[in-house]
Every structure is written in structure tokens, then in C-alpha cells.
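Participant: Sequence first, then the predicted structure:
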Amino acid sequence: AIYGGSFDPPTISHIMIACEIYNQVEIIDEVWIVPCGDGRSDKGLKSDAVHRLEMLKLLKDDLIYDDLPIFIKDTEIQNKKYMPTWDLLEKLSKDYPTNKFFFSCGSDISNSIITWDFGKELCEKYNFIVITRPGYSITEYKDLKSYIILECS
């Protein structure tokens, strides 16, 4: 599972969600937390990508046992800039052709995926894990070809 985001700053809740993805979704064997690179204009990031990456690593090391397969990936940071979700998933699919990826997102944004860069292609090609968020009702995601709903409190 790919768990992307700005993580500005990363919180205990982010790590807990990664653990929930791994523990509750039986077909997931690893969770890759991927902080966005610099240049994401829609979030008004306060910390640069390298600092957010290091904060995530410290938080993960403090909260997760070493044998739990949750990893912090620097894919976007190595790319030197923010990558739209389509670009990220295409790169990971090319770099790891035997993996089947699920992109994790909150129920607050899941219905807007169709409007993202290459949104139609994202919805048709990739699998999603939709994580419940307070105040956002779970509906059928007509645009997503393949998804799993993960109830988190």
C-alpha cells in the first residue's frame, strides 16, 4: 500500500493509519509512506521535503517495531520535486513491476480523484484503500474501479 501525503508535520495519527492499513487489509504485505516532494503548491508546506522525511523516520522509529513492514520511502524527494499521484504510481509500477499497488487516501478526498492529473486513468488503472474520516460519509465510489474501505476511528 502506498500512503502518500504532505506529512507537514507528521503525527502519531499518520503512523497509526499506516499500522491500520497493514493490520486490517489482509492483502497488504507492506505499507510505504511516501512524503510529497517540494513544490506542492496546494498545501502551503511549512517544512521542506528532507525535514518532513527525517521527522517521519524518527516518528516511525519511535512508534513501530522493526519487524512491522512499514517503510518510509523517499521516492518523491529523490525526484527533487512533487510528483502528482499518477506520476508516482507509474514510477513505482515501473521500478517494481511485480508489485500490485494500492493507493491509500481519506474519504474526504476520494471522490475528487477523478479531477486530479490523469484522474480518469488513475481511477481505472490503480487500486485504492479509502480510509474513513470523521464528517465524511462513505458512499459508493463510482469513479474508482477497485477499492477497499478501511474503517478507522
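Facilitator: Yep, it's here.

Participant: contacts and neighbour counts: CA atoms only from here.
Facilitator: OK.

Participant: Tell me which helix or strand V130 sits in.
Facilitator: Assigned by DSSP states H and E, V130 belongs to strand 127-131.

Participant: and if you look at K94?
Facilitator: For K94, the host element (DSSP H and E) is helix 85-95.

Participant: by contact count, what packs against the helix or strand just after that helix?
Facilitator: Next in sequence after helix 85-95, counting helices and strands by DSSP H and E, comes strand 102-106. For strand 102-106, the contact count by 3 or more CA pairs under 8 Å, 6 or more residues apart in numbering; DSSP states H and E identifies strand 2-5, strand 127-131 as packing neighbours.

Participant: ranking these by burial, who's on top?
Facilitator: Neighbour counts (mean count of other CA atoms under 10 Å) averaged over each of the helices and strands packed on strand 102-106 peak at strand 127-131, with a mean of 22.

Participant: same question for that strand, mean pLDDT?
Facilitator: The average pLDDT for strand 127-131 rounds to 95.

Participant: Could you list the low-pLDDT ranges of the protein?
Facilitator: The chain contains residues with pLDDT under 70 at 138-140, 153.

Participant: how about the helices of the chain, start to end?
Facilitator: With helices called from DSSP state H, the chain shows them at 12-24, 49-63, 75-78, 85-95, 119-125.

Participant: now those as CSV including mean neighbour count?
Facilitator: Formatted as CSV, these follow (neighbours: other CA atoms under 10 Å):
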stretch, mean neighbour count
helix 12-24, 17
helix 49-63, 17
helix 75-78, 18
helix 85-95, 16
helix 119-125, 17
